Structures are given as C-alpha cells and as structure tokens.
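*Asks:* got a sequence here, can you model it:
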Amino acid sequence: MKFSKPHTLQEIADLIQCNFVGDAEFSVLGMNEIHVVEPGDIVFVDHPKYYDKALQSKATIILINKEVDCPDGKALLISDDPFRDFNTLTKHFMPFQSSNVSIATSAKIGHGTIIQPNTFVGNNVIIGNNCLIHSNVAIYDHTIIGDNVIIHAGTVIGGDAFYYKKRAEGFDQLLSGGRVVIENNVGIGALCTIDKGVTGDTTIGEGSKLDNQVHVGHDTVIGKKCLIASQTGIAGCVVIEDEVTLWGQVGTTSGITIGAKAVVMGQTGVTKSIEGGKSYFGTPIEESREKLKQLANIKKIPELLNKLK
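*Replies:* The predicted structure follows:
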C-alpha cells in the first residue's frame, strides 16, 4: 500500500504513539508485508525469529517490538505491539467506507459493461469495457477489473485476508488494506471468493479461468491463461505462474510457487513449491508417474505376502 503522499518518520511515530530510531524527517512512502516490501515501506515484525529477515528486507522502516541495531539507511519504529500498530496505520490510511447504494458513485464502469440486478459495486472500484457481472456478485472497495471479464452469480471479490494473531482473549485479525486486480479476459465462476491483499494486490492474470466455488487467498498472484477447476482452495501469498492447470479440489499451503505449465490432478494437496512443465498428484504431492508407480506397487503387497507363506 502506497500512501497518497510521503510522510515523515516523526509523523508516523506520532500517529501510533511510539519511539523511533532514525532521522525525524526520514521519508515514509507506504506499508507492506515482507514478501512485497519496497524501499520507503514500513514492515512489521514482532517475533525475534524474524527480526533479521525484516531488518535485511527491502523495507526501510521496520516496526519492531525491541530496540536493535538499525541498519544503515533505515529507521526503526519501536512499539510494544507492532501488530496492533500496523492495524492502526491501516485504519488511518485505508479506512472502511460505508455505502448506501448498490453501485458506489465513485465507481467507474466501462463502456458496454452489463451489471445484473442485486450486485454490489464498492467505492473506487474500476470495471473495464464489455464485462458481464451477474446477479448477487459483491465487488468490494478498490477492486480493479479489466476488459471482457465475466463474473458469475454469488461471487465475492475483495473479502478480508484470513490472517490472525492469537491472543489470550481470542484471535486478533490483521486488517486488510490491499486490493484485488483482475486482468483482461478473465472468467470467474459462481460462488467464488477472492480475498484482497493485506497491503498489496491479489491478482488474477489475463485470460485465466476459474470454475465455480474456487477460493483465492490474500496476496496470491495467479498468472496468465491458468485453468482452476471447482472447489480448489488456494492459500495466501501463493505464486501460480502462467498456464498452470489445477483440477478439482486441489488445496495448497501458503507462500509457495507453482511453476509455469504445471498440471496438478484433482484432490492433490500442494504442500511445497513445484517445478513447472510437469504433472503432479497425491498428498503429499509428487510427480504423477512416480505416484502411480507407488500405488501400483502397493496393490502387489497382498500377492507378495501370499508368496511368503
């Protein structure tokens, strides 16, 4: 998430009422999760295990719960609860805006686009030309949709990330201030759910097609011309490269990469990153040929046991 204008380190520290290390005039341009940070961004870290990763990331402002040595060219925001204060910043720079109309007045709808009854289009949404949005679709604030996109009934675009911190009193949600970006010529089936990024974008690449009841988690990037079949669940922060096929009821863990032109057979659990150009099957995931050989050998076990009698 980039701010609408640069802010100083002092201004951010005053906003969340914390101490800081660095030049009070140090420029702050935005805030992001660690996997998408850029120079000028704030990243938060609240566990010693991840201190070094945050301090050595591209982020130049680290919101941290301990005063540590500050790397050259960077600044620290010292907070007793970085998670809470990251949420405070999200609420300040990307506050929730209520709407009392079905299509927000700030939404921009392209030429030739058809929006069927009972669909909600939120604030600052942009929809391109010649799209077809069927009934009962919900398109949350700041979503970007390209040209020639079809979205079927009951789909929700831009729900919050499933991202929580466990506290003594219960689960505390990390607020989502990102977007969903759907590129040109995408098809999305009925009853799909595509969560927005925590601070960045969840992206569906040009020409990709999603079947009914597909879930796409926060900050996931789906490449161009991918096919994703029904009841597939894609976790957050997944990178799916171009021309990947995921057949029905595939599930993935978070933070992995699925290589270009990979084919993942139905009901496979993708528990790790996989190379492109190959076919995969099973849980834990393996190349299809190897997995089928294993299954064939398992079928031989009774025969082998009989021979041992």
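*Asks:* residue 235 is in contact with residue 161, correct?
*Replies:* No: Residue 161 is not in contact with residue 235 according to CB atoms under 8 Å; the separation is 10.7 Å. Every C-beta, even on glycine, is put in place using the N, C-alpha and C of the backbone.
*Asks:* and the two? Which one has more around it.
*Replies:* Legend: neighbour count by other CB atoms under 10 Å for residue 161 and residue 235, higher for residue 161 (23 against 19).
*Asks:* residues contacting residue 107?
*Replies:* 121-127 (CB atoms under 8 Å, 6 or more residues apart in numbering).
*Asks:* before we move on, back to that, what do residue 161 and residue 235 both touch?
*Replies:* Jointly contacting residue 161 and residue 235 under the rule CB under 8 Å, 6+ apart are residue 217.
*Asks:* neighbour-wise, which of the contacts of residue 107 leads?
*Replies:* Within those, residue 121 tops the neighbour count with 26 neighbours, counted by other CB under 10 Å.
*Asks:* isn't that residue right up against residue 102?
*Replies:* Yes: the criterion here is CB under 8 Å, and residue 121 meets it with residue 102 at 7.1 Å.
*Asks:* so where do the helices sit in the stretch 51-200 of the chain?
*Replies:* Using DSSP state H, counting those that start in this stretch, the helices of the stretch 51-200 of the chain run over 51-55, 82-93.
*Asks:* among those, show me which one is buried the most.
*Replies:* helix 82-93 (a mean of 19; mean count of other CB atoms under 10 Å).
*Asks:* neighbouring contacts of that one?
*Replies:* 1, 3-4, 12, 15-16, 18, 31, 42, 44-46, 63-65, 77, 79, 165, 172, 174-177, 199.
*Asks:* what about 7 Å?
*Replies:* Outside helix 82-93, the residues that touch it by CB atoms under 7 Å, 6 or more residues apart in numbering are 1, 3, 15-16, 18, 31, 44-46, 63-65, 79, 165, 172, 174-175, 177.
*Asks:* so which of those residues belong to strands?
*Replies:* 3, 31, 44-45, 63-64, 165, 172 (DSSP state E).
*Asks:* what's the neighbour count on residue 207?
*Replies:* Residue 207: 18 neighbours (other CB under 10 Å).
*Asks:* let me redo that: residue 191
*Replies:* Residues lying near residue 191 (other CB under 10 Å) number 17.
*Asks:* now the phi/psi pair for it, please.
*Replies:* Dihedral angles phi and psi of residue 191 (degrees, to the nearest 10) take the values phi 60, psi 30.
*Asks:* so what's it closest to, chain neighbours aside?
*Replies:* residue 154 (4.4 Å; CB to CB, 6 or more residues apart in numbering).
*Asks:* my guess is that neighbour contacts residue 193. True?
*Replies:* No: Residue 154 lies out of contact with residue 193 (CB atoms under 7 Å); the separation is 9.6 Å.
*Asks:* what segments of the stretch 201-309 of the chain are helices?
*Replies:* Shown for the stretch 201-309 of the chain, the helices assigned by DSSP H, counting those that start in this stretch span residues 288-299, 301-308.
*Asks:* how far away from the center of its chain is the shortest one?
*Replies:* For helix 301-308, the distance between its averaged C-alpha position and the chain's averaged C-alpha position is 50 Å (CA atoms, centre = their mean, to the nearest Å).
*Asks:* hmm, back to that, okay if I get the helices of the stretch 201-309 of the chain as a markdown table plus mean neighbour count?
*Replies:* Converted to a markdown table, the helices of the stretch 201-309 of the chain look like this (neighbours: other CB atoms under 10 Å):
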| stretch | mean neighbour count |
| --- | --- |
| helix 288-299 | 12 |
| helix 301-308 | 8 |
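*Asks:* out of those, which is closest to residue 282?
*Replies:* helix 288-299 (4.4 Å; CB to CB).
*Asks:* the closest one to helix 301-308, inter-axis angle?
*Replies:* 40 degrees (axes from the mean of the first three to the mean of the last three CA atoms, to 10 degrees).
*Asks:* can you name every helix or strand that helix 288-299 contacts?
*Replies:* strand 279-281 (3 or more CB pairs under 7 Å, 6 or more residues apart in numbering; DSSP states H and E).
*Asks:* note down every partner strand of the strand it packs on and its orientation.
*Replies:* Paired strands of strand 279-281, with direction, are strand 263-264 (parallel), strand 286-287 (antiparallel) (DSSP bridges).
*Asks:* lovely, talk soon.
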